[in-house]
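A.B. asks: Model the structure of this input:
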Amino acid sequence: MQEASFNNNAPAVDVINFSIAGDGPHNFTPASELPDIDDPLTIDGYTQGDSTPAILTDDARENTLAFGTNAVLKIVLGGASAL
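C.D. replies: Next comes the predicted model:
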């Protein structure tokens with residue numbers, strides 16, 4: 001996030017993708033506030049697991065239902081400790 005703010009490549013949008021080993025979900029619980037985001041940035045948790053296309057069990061998936069959800073979250077950001 002800090003690199004995205006410092007690289008000053010506007011109007012391009014920086015993207016943070018994930019490829020963490022293991023099935024997950026991978027939980028991130030920052031102990032303090034995250035830095036401000038000063039430039040356009042996409043944090044795409046749905047990229048987690050895409051490095052092994054033949055193995056779907058480790059893939060995050062977006063919701064495709066009109067009602068309810070079938071999303072699979074593999075990246076979880078919790079902010080309870082960042083008070």
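A.B. asks: Tell me the spacing between the residue of the chain most remote from its centre and Pro35.
C.D. replies: Ranked by distance from the centre of the chain (CA atoms, centre = their mean), the top residue is Phe67, with 23.3 Å. Going from Phe67 to Pro35 by CB to CB, to the nearest Å gives 37 Å. For glycine as for every other residue, the C-beta is placed from the backbone atoms N, C-alpha and C.
A.B. asks: Kindly report the same for Asn8.
C.D. replies: 15 Å.
A.B. asks: so which helix or strand takes in the residue farthest from the centre of the chain?
C.D. replies: Under DSSP states H and E, no helix or strand contains Phe67.
A.B. asks: who's in contact with it?
C.D. replies: If you count contacts by CB atoms under 8 Å, 6 or more residues apart in numbering, Phe67 has none.
A.B. asks: Quick one, grab the pLDDT at it.
C.D. replies: At Phe67, the model reports a pLDDT of 96.
A.B. asks: Repeat that for the one 5 residues further on.
C.D. replies: With respect to pLDDT, Val72 scores 90.
A.B. asks: Skipping its backbone neighbours, what lies nearest it in space?
C.D. replies: Arg61 (4.4 Å; CB to CB, 6 or more residues apart in numbering).
A.B. asks: What is the burial count for the one you found?
C.D. replies: Neighbour count for Arg61, taken as other CB atoms under 10 Å: 14.
A.B. asks: For it, what are phi and psi?
C.D. replies: phi -140, psi 140 (degrees, to the nearest 10).
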